[in-house]
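Novice: Just need the structure, nothing else, for what follows:
(one chain, ligands or ions: 1)
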Amino acid sequence: MAGGLLAGVRAWAAGGEVVVPVHHVLDRRAACRARHVRDFWGRIWPQAVADFAQCGVRLAVTSGEGEVERPAWRTPVVQGLRRGCLNVVVTDRIPVQWDGGRGLAGVTAMYRGHAMCMIAIARAHGHRIPFVATNTCTHEMLHAVLGDVFENRPAGWRGQARESRVDAVATGLWWGGGMAGVKVGAGGFWGGWGG
Ligand SMILES: [Zn+2]
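Specialist: Predicted structure coming up:
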């Protein structure tokens with residue numbers, strides 16, 4: 001009775017809220033322009049919080065200082081991450097080892113057992129073009145909540161499909177569509193990382 005199961009999930013998703021603990025890690029070495037900082041905290045981040053809130057996912061946010069070390073020829077070292085949270089590292093640019101020199105606005109990955117989104121403040125943006133360029137924070141956090149974080153980005157069309165899926169869901173949130181799937185994903189995400 002797939003229909004019955006679906007109705008059950010919908011009923012559960014409709015009631016109550018799911019809380020996802022998010023920890024901001026503010027890179028103390030980041031060199032950011034004041035207008036980018038203002039735009040990020042004044043517009044881009046609140047838009048992402050509202051996106052999640054309107055589908056019943058509340059982000060319980062804490063913040064602390066940290067650091068993104070970028071040793072030459074070696075994997076970057078991120079300090080200040082917190083266990084059991086979705087870590088959102090706010091820095092000036094994504095280390096070249098992780099964005100492949102593409103100047104990305106954000107990346108999301110598992111880093112030493114931590115779920116981590118990293119946002120480059122100068123490149124981050126709010127919702128721009130439906131299905132193509134959605135809020136950087138919403139986009140990256142959806143990768144984590146929808147489970148993409150647990151595997152490396154697949155090459156070719158599978159990787160592209162994953163990007164399209166996240167942008168489609170983000171567009172649904174932007175337009176105020178009831179995205180119960182996000183809540184189910186968020187519940188599972190936190191369920192798997194609690195404790
Ligand atoms: Zn993406």
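
Novice: Could you point out the longest helix of the chain?
Specialist: helix 156-174 (DSSP state H).

Novice: what about the helices in this structure?
Specialist: Using DSSP H, the helices assigned to the chain run over residues 2-14, 34-39, 45-53, 96-99, 136-145, 156-174, 180-193.

Novice: what's the least confident stretch among those?
Specialist: Here the helices of the chain differ in mean pLDDT, and the lowest is helix 2-14 at a mean of 50.

Novice: excluding its backbone neighbours, what's nearest residue 175?
Specialist: Nearest non-adjacent residue to residue 175, counting by Cβ to Cβ, 6 or more residues apart in numbering: residue 130, 7.6 Å away. In this view, the C-beta of every residue, glycine as well, is placed from N, C-alpha and C.

Novice: so what's the one you found up against?
Specialist: Neighbouring residues of residue 130 by Cβ atoms under 8 Å, 6 or more residues apart in numbering: 171, 174, 175.

Novice: What distance do you get for residue 185 to residue 130?
Specialist: Residue 185 is 21 Å from residue 130, where distance means Cβ to Cβ, to the nearest Å.

Novice: Repeat that for residue 116.
Specialist: Going from residue 116 to residue 130 by Cβ to Cβ gives 27 Å.

Novice: next one: residue 71
Specialist: Distance from residue 71 to residue 130, by Cβ to Cβ: 40 Å.

Novice: now swap in residue 108 and tell me
Specialist: Remark: distance between residue 108 and residue 130 (Cβ to Cβ) = 21 Å.

Novice: likewise residue 144?
Specialist: To residue 130, residue 144 is 22 Å away according to Cβ to Cβ.

Novice: Repeat that for residue 90.
Specialist: Distance, residue 90 to residue 130, by Cβ to Cβ: 26 Å.

Novice: Equivalent analysis for residue 77, please.
Specialist: According to Cβ to Cβ, residue 77 and residue 130 sit 37 Å apart.

Novice: what does residue 145 give?
Specialist: In terms of Cβ to Cβ, residue 145 sits 20 Å off from residue 130.

Novice: same question, residue 84
Specialist: According to Cβ to Cβ, residue 84 and residue 130 sit 34 Å apart.

Novice: Repeat that for residue 44.
Specialist: Relative to residue 130, residue 44 is positioned 17 Å away (Cβ to Cβ).

Novice: so what's the residue nearest the centre of the chain up against?
Specialist: The chain has residue 141 as the residue nearest its centroid, 1.5 Å off, counting by Cα atoms, centre = their mean. By Cβ under 8 Å, 6+ apart, the contact set of residue 141 is 22, 48, 52, 86, 88, 108, 117.

Novice: In strands, which of these fall?
Specialist: 22, 86, 88, 108, 117 (DSSP state E).
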